[in-house]
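*Asks:* fold the following.
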Amino acid sequence: MNKIEHIGIAVKSIAAANEIYSKLLGYQPYKTEAVVSEGVNTSFFTCGDSKIELLEATNPDSPIAKFIEKRGEGVHHMAFSVDNIKAEMERLEKEGFILLNSEPKRGADNKLVAFLHPKSSHGVLVELCQDIAE
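*Replies:* As a prediction, the model looks like this:
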């Protein structure tokens, strides 16, 4: 694990959340992106060496919609940057963590991603992120 890559925050309205976080941080998001496979729209703000990812559901069956329905808006996950996502997934599974993905998948912000079940990390959904070489 290299660093905290980003903290994901589930929001009902990405436009409203972008306005609030732009005021909070003093600048606009550097990127917005739809991740159709996950049913979300995202926007990203830099914050030092890390980022904040805002996530808005695009359909009522998406994981973010279900999260907000159950828990309300707020911190959804913590993401860590890794150099080799497959090796890190293998290491963590051997350590007893429950993987939600058997293989990494393409995520937002030009990343390969995989998730750890919150039951194995004290209630926190953990995301592993590896940059995709362009």
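*Asks:* contacts, neighbours, all on C-alpha from now
*Replies:* Fine.
*Asks:* list the contacts of the helix or strand of the chain with the lowest mean pLDDT.
*Replies:* In the chain, no helix or strand scores lower on mean pLDDT, DSSP states H and E than strand 105-107, which sits at a mean of 92. With contacts defined as CA atoms under 8 Å, 6 or more residues apart in numbering, strand 105-107 is touched by Val35, Leu112, Val113, Ala114.
*Asks:* which one of those residues is nearest to Gln28?
*Replies:* Ranking these by separation from Gln28, with CA to CA as the measure, puts Val35 on top at 20.0 Å.
*Asks:* surely Ser43 and Gln28 touch.
*Replies:* No: assessed by CA atoms under 8 Å, Ser43 is found out of contact with Gln28, at 9.7 Å.
*Asks:* shared neighbours of these two, anything?
*Replies:* Taking CA under 8 Å, 6+ apart as the contact criterion, the residues that touch both Ser43 and Gln28 are Asn18.
*Asks:* let me know the distance separating the residue in the chain sticking out farthest from the centre from Ala57.
*Replies:* What lies farthest from the middle of the chain is Lys94; by CA atoms, centre = their mean that is 23.1 Å. From Lys94 over to Ala57 the distance is 33 Å, taken as CA to CA, to the nearest Å.
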